[in-house]
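[1] Whatever this is, show me its structure:
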Amino acid sequence: MAEEKYALEGTAEGKSETARGARGPGRRLHGAIAHKLGTAILSGQYAPGDVLSGEIAFAEELEVSRSAYREAIQVLTAKGLVESRPKAGTRVLPRQRWNLLDPEVLAWAFAGEPDIQFVRDLFELRAIVEPAAARLAAQRRTRDDLRLMKDALAAMRRHTLATDIGRAADRDFHNAILNATGNDALQTLSASIGAAVNWTTQFKQRSRALPRNPIPDHVRVFDAIAAGDGAAAAEAMGILVDLALEDTASTMTR
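    Below you'll find the predicted structure:
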């Protein structure tokens, strides 16, 4: 079927959904359409204010059912990218309305060539949030928190950040620090911060290997948290984020 073919073609969404299998072809299909349209919007192919082609035209162009297209638009609407009105069609909303910290939106942003200013914005967010989180984590961490951080570090060393498994461990390390703060508001940022860490690390390695090994920077953060030294943890995390931005900037200017 054309729908099945499209759902599995050319997107990380399609591949991961195929591996999981349990969601069914309909869920895979509208997820793949949302990925295609979301990536087009985040890359600037559709600008704020643009009206997307009509439901029938788009469904015919993509060779999918109208219901699958409508479900995909509902996904984009929930993330603040578009709004649909009767007779007016589906319009791309201003960028300020987009839920840019949604992990799926972050994935769409990095599926193509991400906006350089947006990459810098993510690092500014990390520089504000993560040192403060590391300080709190040093004061409040439990044995379980430290075990999760230590396990993540071990996986990072074993697999390196050049692999999916290693980058997942990196994400787990940063998530463990946010969770160790015991602050519910900060913990809600864990998925977004984790996704930002993951995608920027992948982005840095698109054209070349990482310019240096960042794992020792993570070890210094862990050691300070384990020692209960909030000031040292905040300082180490600030340095980690600054160095990560330098690595990324060197890639962006190549």
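
[2] which residues of the stretch 1-150 of the chain score low on pLDDT?
    By pLDDT under 70, the low-scoring segments of the stretch 1-150 of the chain are 1-27.

[3] Do you have the strands of it handy? List them.
    82-85, 89-92 (DSSP state E, counting those that start in this stretch).

[4] For the residue nearest to Pro48 when sequence neighbours are not counted, give its distance to Glu83.
    Closest residue to Pro48 apart from its sequence neighbours, by Cβ to Cβ, 6 or more residues apart in numbering: Pro94 at 4.7 Å. From N, CA and C alone the C-beta is placed, and that goes for glycine too. Pro94 is 11 Å from Glu83, where distance means Cβ to Cβ, to the nearest Å.

[5] So the residue nearest to Pro48 is in contact with Ile41, correct?
    No: using Cβ atoms under 8 Å, Pro94 is not in contact with Ile41; the gap is 11.7 Å.

[6] of the two, who's got more company?
    Counting neighbours by other Cβ atoms under 10 Å for Pro94 and for Ile41 shows that Ile41 has the greater number, 25 against 9.

[7] Quickly note the distance from the more buried one to Gly112.
    11 Å.

[8] Also Leu106?
    For Leu106, the distance to Gly112 - Cβ to Cβ - is 13 Å.

[9] Which neighbours do Ile41 and Gly112 have in common?
    Common contacts of Ile41 and Gly112 (Cβ atoms under 8 Å, 6 or more residues apart in numbering): none found.

[10] Not counting sequence-adjacent ones, nearest residue to Arg97?
    Nearest non-adjacent residue to Arg97, counting by Cβ to Cβ, 6+ apart: Gly80, 4.5 Å away.

[11] Check the burial of the one you found by counting its neighbours.
    Residues near Gly80, counting by other Cβ under 10 Å: 17.

[12] dump the residue contacts of it.
    Under the criterion of Cβ under 8 Å, 6+ apart, the neighbours of Gly80 are Leu93, Arg97, Trp98, Asn99.

[13] any idea what sits nearest the third one, other than its immediate chain neighbours?
    What it means is Trp98. Gly80 (4.9 Å).
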